[in-house]
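In: Okay, sequence plus prediction incoming.
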Amino acid sequence: MKTSFATYWRELANGKRTATADQILLLLLAPFGLIYSFIQKLRATLYRIGMLKTLRLPRPVISIGNITVGGTGKTPVTAYIARLLLEQGYRVAVLSRGYGGSLEGQTIVVSDGATVMLGPRECGDEPYLLASTVPGLMVVIGADRYAAGQLAVQQLSPDIFLLDDGFQHLRLHRDLNILLLDSSRPFGNGWTLPAGMLREAANAAMRADVIILTRCPEGATVAPLVSGKPAFAASHRLVDALPLTGGNPVPLTELQGPAFLAFAGIAEPEFFFSALRDRGINIVGTLPFPDHAYYDQTSLDTIREALRSSGAEYAITTEKDGVKLKQLPVEVAAVTYLARLDIVIEEPAGLQALIRNLLP
């Protein structure tokens, strides 16, 4: 029931539900959206005029965030920028809220760049995924990202910070403010929560220094979406798959033919399922879970039963989900693959120059 309601609301908020009953519901939700929008505008204004204080860390901060709820590719973009800086020899630390982890609210080091000290259940799936898949990356979680940054300065000595999901975290000063928008529906239906997908009114995009339009077709170019703000096109690409039980990456071309069950606990599971089909994977069943799903015993039993009932020979999910599947039954784990996602930014030189200019 929870999943079906979440799916219905996303379709409503994205403008995909147009029946009379749906429009009546939107009208009922609209006043709450206006109130929410006003509160967010007031908060942003108080920060802008200095009545609410913005704090500055002693190292440059790049914020990567979005203006809508759900997935726009923050984690792969964060990983892309982290790798770019690490390749230049800089010490990079990610500051994350640690959403969904049992330690959410605490300020604690997840990785010092050499050792990952916490698991996904403690720190959240996205911080763990970044820490475990980007060699040399330091990760610190904390609801107060300024306090997390101070802890990182004291213990890790980073050269630069990446503020994960930071567009609304106005308490922390950022030197480069990157806003991600989904190219297919940048602002949803145009309404703020709960009547739409927006976390704040669309004109808040003016705070951004750079716009990245995600989920563009490969090779796409974009015109500036927000006046005066440079825009870059980014496409998501499934590059290969890892066996859940370990081993070398497998090209997706080698997985074409057998029947697969696809499952995912991400914001937009249908995008993942479609991407697999586009790469020639034979999907005979799909199983969406809520975003940031914790795979308890009931969920694991559901996966096993879906694998059996669909007639699939194998299962495939995201790398993000894979970090939470340690308790998957052995017989299911043995036939499960984790699809690895990469991001390609078209004509990236301008973006890379903006990032490099923050550091000597």
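Out: Right, received. Where do you want to start? Numbering: from 1, shown residues only.
In: drop to CA atoms for contacts and neighbour counts, all remaining ones
Out: OK.
In: what are the ranges of the helices in the stretch 151-300 of the chain?
Out: For the stretch 151-300 of the chain, the helices defined by DSSP state H, counting those that start in this stretch cover 269-278, 297-310.
In: Got the phi and psi for Leu84?
Out: When quoted as degrees, to the nearest 10, the phi and psi of Leu84 stand at phi -60, psi -50.
In: what about it, how many neighbours?
Out: A count of nearby residues for Leu84, using other C-alpha atoms under 10 Å, gives 15.
In: Kindly report the same for the one 3 residues further on.
Out: Other residues within reach of Glu87 by the criterion other C-alpha under 10 Å amount to 11.
In: cool, the one 3 residues further on as well?
Out: By the other C-alpha under 10 Å criterion, the neighbourhood of Tyr90 contains 17 residues.
In: show me what contacts it?
Out: Residues in contact with Tyr90 (C-alpha atoms under 8 Å, 6 or more residues apart in numbering) are Pro158, Asp159, Ile160.
In: top of the residues you listed by neighbour count?
Out: Among the contacts of Tyr90, where neighbours are counted by other C-alpha under 10 Å, the top count belongs to Ile160, at 23 neighbours.
In: Residues in a beta bridge with that one, which ones?
Out: Partner residues in beta bridges with Ile160, using DSSP bridges, are Val92.
In: i'd like the first residue to be 771 from this point on
Out: All right, first residue 771 from here; so that's Ile930.
In: Tyr806 belongs to a strand, doesn't it?
Out: No. Using DSSP: H, G, I helix; E, B strand; the rest coil, the secondary structure at Tyr806 is helix, not a strand.
In: which non-adjacent residue is nearest Gln920?
Out: With C-alpha to C-alpha, 6 or more residues apart in numbering as the criterion, Gln920 has its nearest non-adjacent residue at 7.2 Å, and that residue is Leu827.
In: gap between the one you found and Leu946?
Out: Separation of Leu827 from Leu946 (C-alpha to C-alpha, to the nearest Å): 13 Å.
In: Show me what Leu942 is bridged to.
Out: Partner residues in beta bridges with Leu942, using DSSP bridges, are Leu825.
In: what's around it, how many residues?
Out: By the other C-alpha under 10 Å criterion, the neighbourhood of Leu942 contains 22 residues.
In: Touching, it and Pro828? I think so.
Out: No. The pair Leu942 and Pro828 does not pass the contact test of C-alpha atoms under 8 Å, sitting 11.5 Å apart.
In: Looking at the contacts of Tyr860, which is nearest Ala922?
Out: Each of the contacts of Tyr860 was checked against Ala922 using C-alpha to C-alpha; the closest is Pro928, at 7.0 Å.
In: so Val1102 makes contact with Thr1072?
Out: No. Look at Val1102 against Thr1072 with C-alpha under 8 Å: they stay out of range, at 11.3 Å.
In: Those two - which one has more neighbours?
Out: Relative neighbour count places Val1102 above the other of Val1102 and Thr1072, with 17 against 14, counting by other C-alpha under 10 Å.
In: Give me the neighbour count for the closest residue in space to that one that isn't next to it in sequence.
Out: The spatially closest residue to Val1102, leaving aside those adjacent along the chain, is Arg1074, at 6.5 Å (C-alpha to C-alpha, 6+ apart). By the other C-alpha under 10 Å criterion, the neighbourhood of Arg1074 contains 17 residues.
In: Ok, the one 10 residues further on next?
Out: The burial count assigned to Tyr1084 is 20, neighbours taken as other C-alpha under 10 Å.
In: what does Leu995 give?
Out: The number of residues near Leu995, taken as other C-alpha under 10 Å, comes to 17.
In: And it, how close does it get to Ile1115?
Out: In this structure, Leu995 lies at 16 Å from Ile1115, with C-alpha to C-alpha as the measure.
In: Next: Leu1095.
Out: The separation that Leu1095 has from Ile1115, given C-alpha to C-alpha, amounts to 30 Å.
In: do Ala1032 as well
Out: According to C-alpha to C-alpha, Ala1032 stands 27 Å off from Ile1115.
In: which of those two has more neighbours?
Out: Counted by other C-alpha under 10 Å, Ala1032 and Ile1115 do not tie: Ala1032 has more neighbours, with 29 against 22.
In: List the residues that contact the more buried one.
Out: Ala1032 makes contact with Phe1043, Ile1053, Gly1055, Thr1056, Leu1057, Ala1085, Ile1086, Thr1087, according to C-alpha under 8 Å, 6+ apart.
In: Now do the shared contacts for Leu827 and Leu946.
Out: With contacts defined as C-alpha under 8 Å, 6+ apart, no residue is adjacent to both Leu827 and Leu946.
In: Pretty sure Val990 sits against Ala1001.
Out: Check again: residue 990 is Ala, not Val. No. With contacts counted by C-alpha under 8 Å, Ala990 stays clear of Ala1001, the gap being 11.8 Å.
In: Among those two, which residue is more densely surrounded?
Out: Set Ala990 next to Ala1001 and count neighbours by other C-alpha under 10 Å: Ala1001 wins out with 23 against 14.
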